[in-house]
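*Asks:* My questions concern the predicted model and sequence given below.
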Amino acid sequence: MGLSRVLIANRGEIAVRIIRACRALGLETVLAVSEADRESLPARMADRVVCIGPASAQHSYLNVGAIVAAALGTGADAVHPGYGFLAESPELAEACAAYGLVFVGPRPEQIRLMGNKLEARRLAERCGVPVLPGSEPVRSAGEAVRKAEEIGFPVMLKAAAGGGGRGMKVAHDPRELEASFAAAAGEARAAFGDETLYLERYVPHARHVEVQILSDAQGTVLHLGDRDCSLQRRHQKVVEEALAPNLSDSLRTSLWSAAVTLARSMGYLNAGTVEFLVDVEAGRFYFLEMNTRIQVEHPVTETVTGIDIVQEQFRIAAGETLRWRQEEVRFAGHAIECRLTAEDATRAFRPSPGRITVWEVPQGPGIRLDTHCFAGYEVPVYYDSLLGKLITYGQDREEAVRRMQEALEAFRVEGISTTVSFLQFVVSTPEFQEGRVHTRLLEDLIRRWRAVRGAETERAS
């Protein structure tokens, strides 16, 4: 395929996922690790391991120079960044190009364009893709209030360079907007080094639906259907599924078309995800952003299409043409993914690092677990709390939901706190069972779950 050795610039379950894709393609793997990850599962699996720095992500997984040096020093010809860390860093993509390394992802200018939410919004408008009523940059709380009154409350303050929910604040009136402006700017400055903010109309009970894209260097752009990611806590996804339930055929095909149009307009390369806010009652959707990397939730799309997205990333990076026409991409059954984290949901989702003493995972038809954990693994304090992704498949949504309930019931983890019991509650609620999800639902479910847990504790005492 033109590639032979890949440096994986990531950790955890996505590093395991990439190693397995490389094995299937006959590619050698070099894993870049911090000192904290020398004994991790992906380190045991990789053909070679190179330490790039101390446990601090800033001095290891976020160090462009260390990653490029590791790739060159081990004779790698490609770098896969996974998700998070430097996955959407144009600087890493540029450094790879400068030293003759293949970056398994889009071109640097595409990462930079989509990384600026205002520029991405402007591109969507030029392409005729719907966007929420919004503003250009607002430089002060007073200017934000004036613009918000033109747009109409409620509004959301958003960081132009943002992502992951940082620098985002909802305001329902001028007073709330004034009070949150400085905090949003401070979050954006601390997280991204850029405090530029803008406004968008806030739709409180909308859904978050995204479309998976694959694009090759020959100009072919395919969509692999959609995913619903509405169940979020603090703008972080918790449960995802494919295809999104309870969408009309016309709305769904319009979403697919808009995503392809946006990707094609910039000659997009490799895998990407176009995210939309969907007002189901009004039958309308609005562009939110484009993620220029593999998504955490990509397994649900793989499950319903049979297409290995990570393997396709490598084929595209090697210059190969996509092997399907759009009409050949088929969707079969339904898939659901729950993100399992080392957090104590009874204590405001406080992180719970420590040693896993028991790790008994569900098995059976229609069950997939992407993880890097095992009994005896020490969950470090330095990184994201994701332990793994539990994916279930069914011939229809009802079967996928039932299998998820059974799989969560069978999951047994000891030594640390996890979100397994909370996820059991979520997937058993009538709203989830019936696919009546929206971006505010999880907040309500958290309150209800705490009430249930409190009542159980009181009865036990």
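*Replies:* Yes, it's here.
*Asks:* CA only for contacts and neighbour counts going forward, please
*Replies:* Noted.
*Asks:* what's the spacing between residue 261 and residue 289?
*Replies:* Using Cα to Cα, to the nearest Å, residue 261 is found at 14 Å from residue 289.
*Asks:* In the stretch 351-461 of the chain, mark out all the helices, start to finish.
*Replies:* 397-410, 420-428, 430-433, 441-460 (DSSP state H, counting those that start in this stretch).
*Asks:* I'd like those as a markdown table, with mean pLDDT appended.
*Replies:* Shown next, in a markdown table, are the helices of the stretch 351-461 of the chain (pLDDT from 0 to 100):
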| stretch | mean pLDDT |
| --- | --- |
| helix 397-410 | 98 |
| helix 420-428 | 97 |
| helix 430-433 | 97 |
| helix 441-460 | 81 |
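*Asks:* Mind putting those helices into CSV with distance to residue 344 and mean neighbour count?
*Replies:* Shown next, in CSV, are the helices of the stretch 351-461 of the chain (distance: least, Cα to Cα, whole Å; neighbours: other Cα atoms under 10 Å):
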stretch, distance to residue 344, mean neighbour count
helix 397-410, 16, 19
helix 420-428, 9, 18
helix 430-433, 22, 14
helix 441-460, 12, 13
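*Asks:* Of those, which is nearest residue 351?
*Replies:* Closest to residue 351 of the helices of the stretch 351-461 of the chain, according to Cα to Cα: helix 420-428, at 13.8 Å.
*Asks:* Make CSV out of the helices of the stretch 351-461 of the chain and add distance to residue 362.
*Replies:* Shown next, in CSV, are those (distance: least, Cα to Cα, whole Å):
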stretch, distance to residue 362
helix 397-410, 5
helix 420-428, 12
helix 430-433, 21
helix 441-460, 23
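*Asks:* closest one to residue 14 among those helices?
*Replies:* helix 420-428 (20.0 Å).
*Asks:* residue ranges with poor pLDDT in the stretch 101-250 of the chain?
*Replies:* Within the stretch 101-250 of the chain, no stretch falls below the threshold (pLDDT under 70).
*Asks:* the strands in it, which residues?
*Replies:* Under the criterion DSSP state E, counting those that start in this stretch, the stretch 101-250 of the chain contains strands at 102-103, 155-159, 169-171, 197-201, 207-215, 221-233, 236-242.
*Asks:* repeat for the stretch 301-450 of the chain
*Replies:* Secondary structure of the stretch 301-450 of the chain, counting by DSSP E, counting those that start in this stretch: strands at 334-341, 343-344, 350-351, 354-355, 358-360, 367-371, 378-379, 386-394, 412-414.
*Asks:* gap between the second one and the chain center?
*Replies:* Using Cα atoms, centre = their mean, to the nearest Å, the mean C-alpha position of strand 343-344 is found 20 Å from that of the whole chain.
*Asks:* on that earlier part again, same list (the strands of the stretch 101-250 of the chain) but as a markdown table, adding mean neighbour count and distance to residue 114.
*Replies:* What follows is these, written out as a markdown table (neighbours: other Cα atoms under 10 Å; distance: least, Cα to Cα, whole Å):
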| stretch | mean neighbour count | distance to residue 114 |
| --- | --- | --- |
| strand 102-103 | 22 | 17 |
| strand 155-159 | 26 | 13 |
| strand 169-171 | 20 | 21 |
| strand 197-201 | 24 | 15 |
| strand 207-215 | 25 | 14 |
| strand 221-233 | 23 | 17 |
| strand 236-242 | 23 | 19 |
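*Asks:* what's the closest of those strands to residue 276?
*Replies:* Across those, the minimum distance to residue 276, taken as Cα to Cα, is reached by strand 207-215, at 5.3 Å.
*Asks:* how many degrees apart are the closest one and strand 221-233 in direction?
*Replies:* 150 degrees (axes from the mean of the first three to the mean of the last three Cα atoms, to 10 degrees).
*Asks:* show me what contacts the closest residue in space to residue 171 that isn't next to it in sequence?
*Replies:* With Cα to Cα, 6 or more residues apart in numbering as the criterion, residue 171 has its nearest non-adjacent residue at 4.9 Å, and that residue is residue 177. By Cα atoms under 8 Å, 6 or more residues apart in numbering, the contact list for residue 177 reads 141, 144, 145, 170, 171.
*Asks:* likewise residue 318?
*Replies:* Applying Cα under 8 Å, 6+ apart to residue 318 gives the contacts 1, 2, 3, 102.
*Asks:* Residue 144 now?
*Replies:* Going by Cα under 8 Å, 6+ apart, residue 144 touches 138, 177, 178, 198, 199.
*Asks:* Alpha carbons of stretch 344-355, in CSV - could you do that?
*Replies:* The C-alpha trace of stretch 344-355 is given here as CSV (Å, rounded to 0.1, in the frame of the first residue of the first chain):
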residue,chain,number,x,y,z
ASP,A,344,-17.9,8.3,40.5
ALA,A,345,-21.3,9.4,39.2
THR,A,346,-22.6,9.6,42.8
ARG,A,347,-20.1,12.3,43.5
ALA,A,348,-20.6,14.7,40.6
PHE,A,349,-18.6,12.4,38.3
ARG,A,350,-15.4,12.8,40.2
PRO,A,351,-12.5,11.0,38.5
SER,A,352,-11.6,7.7,40.0
PRO,A,353,-8.0,6.7,39.2
GLY,A,354,-6.5,3.6,40.8
ARG,A,355,-5.8,-0.1,40.2
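*Asks:* For it, which residues meet the burial criterion?
*Replies:* 344, 345, 346, 351, 352, 353, 354, 355 (16 or more other Cα atoms under 10 Å).
*Asks:* So which of the residues you listed is the closest to residue 131?
*Replies:* Closest approach between the buried residues of stretch 344-355 and residue 131, by Cα to Cα: residue 345, at 34.7 Å.
*Asks:* Identify the residue nearest the closest one in space, chain neighbours excluded?
*Replies:* Spatial nearest neighbour of residue 345, excluding adjacent residues (Cα to Cα, 6+ apart): residue 419 at 6.1 Å.
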